[in-house]
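Have a look; sequence and predicted model below, questions after that.
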Amino acid sequence: MSEPESVKIWHRYRAALQGAVAESTWHIWLERVSLREVDGNTLVLDAPDDVRSWVQSRFGRLLNACAETALGPGARVRIAEPGDGPPSAEPARPARTTRQEFNPRLTFDQFVIGDCNRLAHAAALAVAEMPGLAYNPLFICGPPGLGKTHLLHSIANYVHEHGDGLTARYTTAEAFTDDFLTTLRGGGDMEAFKAAYRGVDVLLVDDVQFLASKAKTEEEFFHTFNVLHQAGAQLVLTSDRLPRDMDALADRLRERFEAGLVCDVQPADRATRLTILRKRVTSDDVGEVDPDALELIADRVDANIRALEGALIRVIAFGSLTGNPVTPALAEEVLAGLYPQLKQRTPTVREIQERVAAAYDVPLDALLSSSRAQPVAFARQVAMYLARELTGVSLPAIGRAFGNRNHTTVMHACKRTAERIADDKNARDAVQRLVSELEGR
């Protein structure tokens, strides 16, 4: 087969493969896979030694399915073995494309809904079902890694499947800028560029904050926005900040971004994080994973969804490469290096009572008794203060844990302890040591 034809097939295959897996899976396992040759209806691929066995065992069916997409029915994939001879001198690389394809894995069915993203999900589904009629534009904002891009692809996939011929285009502000500047400098047809972005029913633009301070691009996007909006086409935009906080963006664009519905996504709570992990384990068919290991990952990794999924993949990969089952102990070993200080340990009230009793050389039963002897009383006040500061337990519950005292007694103890450590360096140092010990620092 001629080299140009092999390159075309590799481009189609690589695009299909990348679109079929999560971004984190692609970067960790599949991005370094390269084309050795096309042998009839078989794609012969090279994979680095450190991922070859995992790619063969876990992604075999997916590799073959994508081969049929690129070559047709009956196409298959073979991973070259180390002794198969030298690979091609210049493996085929994907060419840059101006259009970013929709990821078929990023659908509304795969999106995990929680209190952190319920409004954004409902609004995205509404515009997918009724483009141009529900909320136009829809502006979704929030920190990176919380599902904004997932919602854009979900809209695009929904329109593609159920839109009765409606067209959708997904892009990023950076890609829009690159396409525009390349066309402007003579590298393309300006009319074709305008048709590509203005001739759609739904335009989805990720990370619009990157349009700021690019005068020519801002102007072109302003006109694109107006043409689409006036034609009744749907616009959906995402950003890491609210429109009003995009100071470097032209006022007329900010005003248009705020003219529709602005909603945000927040970091996922623990229940949502755990649901995401369970869903990934099921959908990716990664084998046996101890549920307690997922609980530990959900507790430890609360930065964003990308970090959460990345942590899961690393734990599973470590287990596979070392031949160990995915247990809480394995997850702890992996996450200790990745997130050493991500989340402080929360002690229990009982642990606080025991640690304070030992530190002040007071019997635990005396600490919980009605004794008003000075050493005992002060230790009790410190313990109540730490219970209030280091746990989420309510004042009445703390009082019950200290011999059924009422909440006003706990409030008084917290006030007296705060005053004491503010004026007494020795007392302050002692309390700080207790805090460090209780939080495991």
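Sure thing, it's come through. Quick caveat, the model's predicted, so the values are computed rather than measured.

Beyond the helix or strand of the chain with the lowest mean pLDDT, next helix or strand please.
Least confident element among the helices and strands of the chain, by mean pLDDT, DSSP states H and E: helix 23-25 (a mean of 68). Per DSSP states H and E, the first helix or strand lying C-terminal to helix 23-25 is strand 34-39.

Show me what the mean pLDDT comes to for the helix or strand that that following strand is followed by.
Elements were assigned by DSSP H and E; along the chain past strand 34-39, the next helix or strand is strand 42-46. Averaging pLDDT along strand 42-46 gives 89.

Any regions of the stretch 1-150 of the chain where pLDDT drops low?
For the stretch 1-150 of the chain, applying pLDDT under 70 flags the ranges 1-4, 23-24, 83-101.

quick one, helices of it?
Using DSSP state H, counting those that start in this stretch, the helices of the stretch 1-150 of the chain run over 3-20, 23-25, 52-58, 60-71, 118-129, 148-162.

most packed of these?
helix 148-162 (a mean of 22; mean count of other CB atoms under 10 Å). Backbone N, C-alpha and C define where each C-beta goes, glycine included.

chain center to that helix: distance?
Taking CA atoms, centre = their mean, to the nearest Å, one finds the center of helix 148-162 at 17 Å from the center of the full chain.

Give me the angle between it and helix 3-20.
Using axes from the mean of the first three to the mean of the last three CA atoms, to 10 degrees, the inter-axis angle of helix 148-162 relative to helix 3-20 is 110 degrees.

OK, contacts around the residue nearest to residue 373 when sequence neighbours are not counted?
Counting by CB to CB, 6 or more residues apart in numbering, residue 366 is the residue found nearest to residue 373 once chain neighbours are left out, at 7.9 Å. Residues near residue 366 by CB atoms under 8 Å, 6 or more residues apart in numbering: 357, 373, 376.

From residue 28, how far out is residue 308?
Residue 308 sits 14 Å away from residue 28, taking CB to CB, to the nearest Å as the criterion.

With neighbour numbers in mind, choose between the two.
For residue 308 versus residue 28, the count of surrounding residues by other CB atoms under 10 Å is larger for residue 308: 24 against 17.

The more buried one: what secondary structure?
Following DSSP: H, G, I helix; E, B strand; the rest coil, residue 308 is assigned to helix.

Burial check on residue 231, number of neighbours?
Applying other CB under 10 Å, we find 12 residues neighbouring residue 231.

should've said residue 429
Using other CB under 10 Å, the number of residues around residue 429 comes to 11.

Output the contacting helices and strands for the one helix or strand it maps to.
Secondary structure here is read from DSSP H and E; on that basis residue 429 sits in helix 425-438. Here helix 425-438 is seen to pack against helix 349-359, helix 374-390, helix 407-423 when contacts are counted using 3 or more CB pairs under 8 Å, 6 or more residues apart in numbering; DSSP states H and E.

which ones are touching residue 210?
Residue 210 makes contact with 172, 173, 174, 177 under the criterion CB under 8 Å, 6+ apart.

try 7 Å this time
Taking CB atoms under 7 Å, 6 or more residues apart in numbering as the definition of contact, the neighbours of residue 210 are 173, 174.

tell me the pLDDT at it?
On the pLDDT scale, residue 210 gets 88.

which ones are touching the residue nearest to residue 351 when sequence neighbours are not counted?
For residue 351, the nearest residue in space outside its immediate sequence neighbours is residue 438; the separation is 6.6 Å by CB to CB, 6+ apart. Listed by CB under 7 Å, 6+ apart, the contact partners of residue 438 are 347, 351, 352, 355, 386, 390.

closest to residue 182 among those residues?
Nearest to residue 182 among those, counting by CB to CB, is residue 390 at 56.4 Å.

do you know how far residue 25 is from residue 109?
Distance from residue 25 to residue 109, counting by CB to CB: 18 Å.

Now do residue 29 against residue 411, distance only.
For residue 29, the distance to residue 411 - CB to CB - is 55 Å.

More neighbours: these two, which one.
The neighbour count for residue 29 versus residue 411, taken as other CB under 10 Å, is higher for residue 29 (19 against 15).

Could you break the protein into its assigned domains?
Dividing the chain into domains by automatic domain parsing, as the record does, gives the ranges 3-79, 118-264, 270-338, 349-438.

could those domains go into a markdown table alongside distance to residue 102?
As requested, the domains of the chain are exported to a markdown table (distance: least, CB to CB, whole Å):
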| stretch | distance to residue 102 |
| --- | --- |
| domain 3-79 | 7 |
| domain 118-264 | 4 |
| domain 270-338 | 17 |
| domain 349-438 | 42 |
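
can you list contacts of stretch 422-429?
Contacts of stretch 422-429 with the rest of the structure, by CB under 7 Å, 6+ apart, involve 420, 421.

buried set for stretch 35-43?
Using 16 or more other CB atoms under 10 Å as the test for burial, stretch 35-43 gives 35, 36, 37, 38, 43.

And those, which is closest to residue 142?
Comparing these against residue 142 with CB to CB places residue 35 closest, at 37.8 Å.
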